[in-house]
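In: predicted model follows, preceded by the sequence.
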Amino acid sequence: MRKILFFLLQIMSCLPYVYAQEATPIDSSKRAIGALIVQTGEKKTWSVYNPERGYFQKAFTDVGDPRFMIANEDETFKFGIGGFVNVIGLFDFNGMIELSDFVTSQIPVPMGSEKGQFRLGAESSRFNIKVVGKPKKGTVITYIEADFHGANNLLLLRHAYISYFGFTIGQTWSTFMDLEAGPPTIDFEGPNTQISIRQPMIRYSHDLTEKLSFSVALEMNTPLVYDYNSIDIEHQRFPNLPLNFKYKDKFGHLQLAAIARPMNYYDDTLSYKSITELGYGIALSGKFNLPKKFYIYFQGVYGKGIAQYIQDLSFSNLDLVLDPDRVGRLKTMPTYGAYLAFQKDWLDNLYSAIIYGYTALTGPHAHEASHLFAHTHYAAVNLFWDPIPYGTIGIEYLFGRRVNQSGKSANANRVDFMFRYRF
C-alpha cells in the first residue's frame, strides 16, 4: 500500500512540470498529444507521445485521447484517464423544447403558452479510461467512456470496447455513422438528419489501400415501434448489418455507408405468426478541407426502418408503424434528409460554423396520424474560442421548424453557451 501511495505522489509531483511543457502552442490537429510518464524502478521519466490508433472517429463533441498516460518500464502497457468538464447554458425564446438537446421533432405544435426558459447544467461532462497493451503481436486498445446523462445525473455508459487486429468488440459509434463529417456544435444533438447512435457490435475494419478503408459489422438490433397495440416485438433473431467504405486524402474524406435491418415481430391476429420486415439505408457523407482554413461538412441519407439511427427521429419510435392496408402487419417508414455545414478558422484559436439540416418522412402514416411531423428544419450559427490550451468557450444560435402531416407548424429559437476544459 505504501509503495502505491508513493508512486501516486511521484506522479502528482511531476504534473506541474508536464503542464509547463504544454505552454508551447499546439496545433489544433495535434491536440491529442500528451505526456507519457514511465516508472523504471525508483526513476521516473516523461516524454511526449502520440496516442495509439484505436479511438476510431473523432468529433467535436468527443473526448479524444487521454492527455496523460502512465507506462511500465518497457512501455508495453499504458494506462490513461481523460475527459472534459462541460458546462452548457441555454435560453429558449419560444417553441420551448423539453430537452437540453435541440431536437426539432420535439417542437410543440401548436406552440404552448411558455414564452421561454433558462437552463444550466454540467451533465454532459465526461471521463474515459484508455489502456494500450502491446503483446508479442499487434496492439490491444481498451476504452471505456461515461457521462452523467443518466437519470438523476447518474453515470451513463457511452463507450466500452476492445480493439485488436482490426476487430472492435463492445459498444461504440455505429459503423453506419461518419462522425468526422459532423460539424462543430454546442448542441449535442447536432444537425437534425445526422446519423448518430452508439451500438453494441462486433466490427472488422481493414485498410484496402493507403487511402481507402472499409468496415463491416454485426450490431445490436432493437427496433422501436409506434402505437403497435396487439403487435408483439419479439427478441430479435438477426443483427443489424452495416458497412462503409471511406476514402481519405489531403482534401478530406468521403464515406459511403449502407445498412440492412431485418426486424421481427409477432402478430396476435395471425396465430402469433413470426413476421420479418426488412429495413435498409444508404448514406453519403464527408468533409472537405479547402484553402485558407475553410471546411465543408455534409451528409445525405435515405432509407426505410432506420428512424432510430437519425437524430431527429430517434425519439419517434418510427422504425415500424401499423400498416393500414394489411391487418395485423407493420411496415417500414421511408425517410430522407441532408445537412450542409461550413466552418471557418479565423485564427488558430477562433473558429465558427453555420449549419442547415432537413429531415422528412414520406408516405401516409399508419392510421392517418396527422399530429405526427412530416418534416423538420434545423439551422445553427456559432463561434468558438480556445483562450487556453484544451479550454473552449462557445456561443450558438439555433433555429428549428417542425411541420406536421396536417400542415400545421411551429418554430423554436434557442441560444446556447458553453464552457469546456479537456484533460
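Out: Done, it's in. Since the model is a prediction, treat every value here as computed from it, not as a measurement.
In: just the CA atoms of the host helix or strand of Ala353, as PDB, please.
Out: Assigned by DSSP states H and E, Ala353 belongs to strand 350-361. Provided in PDB are the C-alpha atoms of strand 350-361 (Å, rounded to 0.1, in the frame of the first residue of the first chain):
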ATOM      1  CA  LEU A 350     -11.000  31.300 -33.100                       C
ATOM      2  CA  TYR A 351     -13.400  29.500 -35.400                       C
ATOM      3  CA  SER A 352     -17.100  29.400 -36.300                       C
ATOM      4  CA  ALA A 353     -19.600  27.300 -38.300                       C
ATOM      5  CA  ILE A 354     -23.000  27.700 -40.000                       C
ATOM      6  CA  ILE A 355     -25.200  24.600 -40.400                       C
ATOM      7  CA  TYR A 356     -28.500  23.700 -42.100                       C
ATOM      8  CA  GLY A 357     -30.300  20.400 -42.000                       C
ATOM      9  CA  TYR A 358     -33.600  18.900 -43.300                       C
ATOM     10  CA  THR A 359     -35.400  15.700 -42.400                       C
ATOM     11  CA  ALA A 360     -38.600  14.300 -43.800                       C
ATOM     12  CA  LEU A 361     -40.900  11.300 -43.600                       C
END
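In: partner strands of it and their direction?
Out: strand 334-347 (antiparallel), strand 373-388 (antiparallel) (DSSP bridges).
In: now do the buried residues in the last one.
Out: Read that as strand 373-388. 373-380, 382, 384, 386 (16 or more other Cβ atoms under 10 Å). Bear in mind the C-beta positions are built from the backbone N, C-alpha and C, glycine included.
In: quick one: average pLDDT of that strand?
Out: For strand 373-388, the mean per-residue pLDDT is 94.
In: and for stretch 167-183?
Out: 94.
In: and it, what's buried?
Out: With the criterion 16+ other Cβ under 10 Å, stretch 167-183 contains buried residues 168, 170-183.
In: just how off-centre is that stretch within its chain?
Out: 8 Å (Cα atoms, centre = their mean, to the nearest Å).
In: how long is it end to end?
Out: End-to-end distance for stretch 167-183: 27 Å, by Cα to Cα, to the nearest Å.
In: likewise for stretch 187-194?
Out: OK, stretch 187-194 end separation, Cα to Cα: 13 Å.
In: report the distance from it to the chain centre.
Out: Using Cα atoms, centre = their mean, the offset of stretch 187-194 from its chain centre is 9 Å.
In: contacts for it next, please.
Out: 61, 100-105, 124, 182-183, 185, 196, 299, 301, 310-312, 337-339, 341, 355-359, 376-378, 380, 396, 398, 400, 416 (Cβ atoms under 8 Å, 6 or more residues apart in numbering).
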